[in-house]
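Visitor: Build me a structure from this.
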Amino acid sequence: MCKMSTTARAAWQATLRVRKTESPLIRCFVQSSISVMLDCAQEIPATRLCTLDQQGTTAMAPHASDADDESALQDADGDRLDQQVAADSPLNRASGSQSGVGASSGQHSERTKIIGARAISAAEFEELRRLRDTKRDRGSQSVEVMRYEACQFYGLKDLDEHFFKETKAEYKPPFSKKLDFMLKVLLPGRFLDEGAVARQSLDVKMVETARGLLKDLGLAHAFDVDGETRSLLAGGLKGRLLRSDLFKGRPTQVGSKTTMSEKPVSEMFRIQLPAPKEGKAELDPVQFKAVMNVVLGHMGLKLGKAVEVSRPRRGKGKQHESASGNSDYKYKLERKYVLRMAKLVKLQFREVPRVWQLRRELEPAVRAFLNEVDASDLDHLLRRPSGHPLIEDLSSPTGEESPECMIVIR
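Guide: The predicted model follows:
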């Protein structure tokens, strides 16, 4: 395996095409200049490995006994090389995606390594990042860089398992896309690259659409956990949604398609707008909710169960048949999703310099909510308590005075 010769997925797919195998072992020969992270074991130099010639075999002997394979994988201290590499090898990470259990186990193992990695200084980070980016890092250096980056991104001085379980935060780059998107929604015009290309160029419209959806829902702000949305019918939510850019170009019946000129904003969110169900003239509440939840999901939010606010009277006879399915509903944001994102956002405004300096641009209602969010269970990971002072009165996380707060005496 030489640099950039393949990907973990391609290599794993290649192994699936092998038939009639004689042994379950997969030998990976890695170029010496490539860093391979071993699972809690020392690195084994190539000179210590038994070569096939020393085993008295040739490359044309794939049916060597399993016993020979086992002994060939032992180093002088009795550690199996395949066990050392397997837990964090690219092949293992790709194979783990084949099953939910395997993927979860592999992710937990990698996350544990990052949590337990050595803490490095800013100067060390710059040096090790340079080595990593040029593929010259060794041992656990890339993990140490990843740990430093995670701490900087989330505004932490340390990492632990509780933080990732509590916030569902990503442990490796690009870290939390949902958090980034939420910050763009909360701070109009900030963190948007209007000159970006490809998918990044869609951010401006996507953020505008997400902000418009919150307004159509009738919520005070993105963290309005106690507020209720407008009802679909009497409250006019359905009409607002259908008039919004999000639902433009939707199919009007089963099997119909949109033209390129009608390409909707929904495609930016990778939503395939539904058509009314068979026999129905309009979308039902479940379909509306599914579309809204995709957009809210980009902010780490989710609508809870629909709350029925009115039900049509039903009677006998044809004149009452049209009332079926016309119940009216409201929604509320699901609390656990709101609090989870609010914790992450609160840490951003308290401990991340690029976000802290924009704290006064927050809507007063949002800032007041964040001040009330209890993040004390994460205080042991922070440089200062999460509760006081309030966000608007907080000094710079770098310890330097903000220019807006400096008093010059002449």
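
Visitor: Please count neighbours and contacts with C-alpha atoms only from this point.
Guide: Noted.

Visitor: hey, where'd the helices end up in the stretch 51-200 of the chain?
Guide: Assigned by DSSP state H, counting those that start in this stretch, the helices in the stretch 51-200 of the chain fall at 66-72, 81-86, 90-96, 100-116, 122-133, 141-154, 161-167, 177-186.

Visitor: buried stuff in the fifth one?
Guide: Residues of helix 122-133 classed as buried under the neighbour-count rule (16 or more other CA atoms under 10 Å) are Phe125, Leu128, Arg129, Arg132.

Visitor: Would you mind finding the most buried of the helices of the stretch 51-200 of the chain?
Guide: Ranked by mean neighbour count, the helices of the stretch 51-200 of the chain are led by helix 141-154 with a mean of 22 (mean count of other CA atoms under 10 Å).

Visitor: which other residues reach that helix?
Guide: Residues from elsewhere that reach helix 141-154 (CA atoms under 8 Å, 6 or more residues apart in numbering): 113-115, 117-120, 125, 128-129, 132, 157-159, 171-173, 175, 344, 347-348, 351-352.

Visitor: circling back to that earlier point, quick one: the buried residues of helix 122-133 as CSV, columns for pLDDT and distance to Leu370 too.
Guide: Formatted as CSV, the buried residues of helix 122-133 follow (pLDDT from 0 to 100; distance: CA to CA, whole Å):
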residue, pLDDT, distance to Leu370
Phe125, 96, 31
Leu128, 96, 35
Arg129, 95, 34
Arg132, 94, 37
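
Visitor: what's near enough to touch the spatially most central residue of the chain?
Guide: Centroid-nearest residue in the chain, with CA atoms, centre = their mean: Ser176, separated by 4.5 Å. Contact analysis of Ser176 by CA under 8 Å, 6+ apart lists Ala169, Glu170.

Visitor: any idea of the pLDDT on it?
Guide: At Ser176, the model reports a pLDDT of 92.

Visitor: Now it. Its backbone dihedrals?
Guide: Here is the backbone geometry of Ser176 (degrees, to the nearest 10): phi -90, psi 100.

Visitor: circling back: what is the nearest of the buried residues of helix 122-133 to Ala220?
Guide: Phe125 (41.4 Å; CA to CA).

Visitor: what's near enough to touch that closest one?
Guide: Val145, Tyr148.

Visitor: Any stretches of the stretch 151-300 of the chain with poor pLDDT?
Guide: 194-201, 252-263 (pLDDT under 70).

Visitor: Name the nearest residue to His298, sequence neighbours excluded.
Guide: Of all residues not flanking His298 in the chain, Lys178 sits nearest, at 5.3 Å (CA to CA, 6 or more residues apart in numbering).

Visitor: Just list the residues touching the one you found, thanks.
Guide: Neighbour list for Lys178: Gly297, His298, Met299, Gly300 [criterion: CA under 8 Å, 6+ apart].

Visitor: Could you do Leu237 as well?
Guide: Contacts of Leu237 by CA under 8 Å, 6+ apart are Asp216, Leu217, Arg230, Ser231.

Visitor: returning to what we had before: okay, and which of the contacts of Lys178 map to helices?
Guide: Of those, the ones assigned to helices by DSSP state H are Gly297.

Visitor: and which of the contacts of Lys178 is nearest Ala10?
Guide: So of the contacts of Lys178, ranked by how close each gets to Ala10 (CA to CA), first place is His298, at 29.4 Å.

Visitor: quick one on the thing from earlier: which one (most neighbours) among the contacts of Lys178?
Guide: Among those, the one with the most neighbours (other CA atoms under 10 Å) is Met299, at 25 neighbours.

Visitor: looking at it, Asp216 is touching Leu242, isn't it?
Guide: No: counting by CA atoms under 8 Å, Leu242 is not a contact partner of Asp216; they are 10.6 Å apart.

Visitor: Looking at these two, which is more packed in?
Guide: Asp216 (18 against 15).

Visitor: Next, find the distance separating Lys305 from Leu273.
Guide: Distance, Lys305 to Leu273, by CA to CA, to the nearest Å: 21 Å.

Visitor: I misspoke; the intended subject was Arg211.
Guide: Distance, Arg211 to Leu273, by CA to CA: 19 Å.

Visitor: what's the answer for Gly387, then?
Guide: Gly387 is 43 Å from Leu273, by CA to CA.

Visitor: These two: who's more crowded?
Guide: Neighbours were counted for Gly387 and for Leu273 using other CA under 10 Å; Leu273 has more, 21 against 17.

Visitor: need the contact list for the more buried one.
Guide: Applying CA under 8 Å, 6+ apart, the residues contacting Leu273 are Phe247, Arg250, Pro251, Ser266, Val291.

Visitor: how about 6 Å then?
Guide: Arg250 (CA atoms under 6 Å, 6 or more residues apart in numbering).

Visitor: Is it part of a helix or strand, or is it coil?
Guide: In three-state terms, and counting by DSSP: H, G, I helix; E, B strand; the rest coil, Leu273 is coil.
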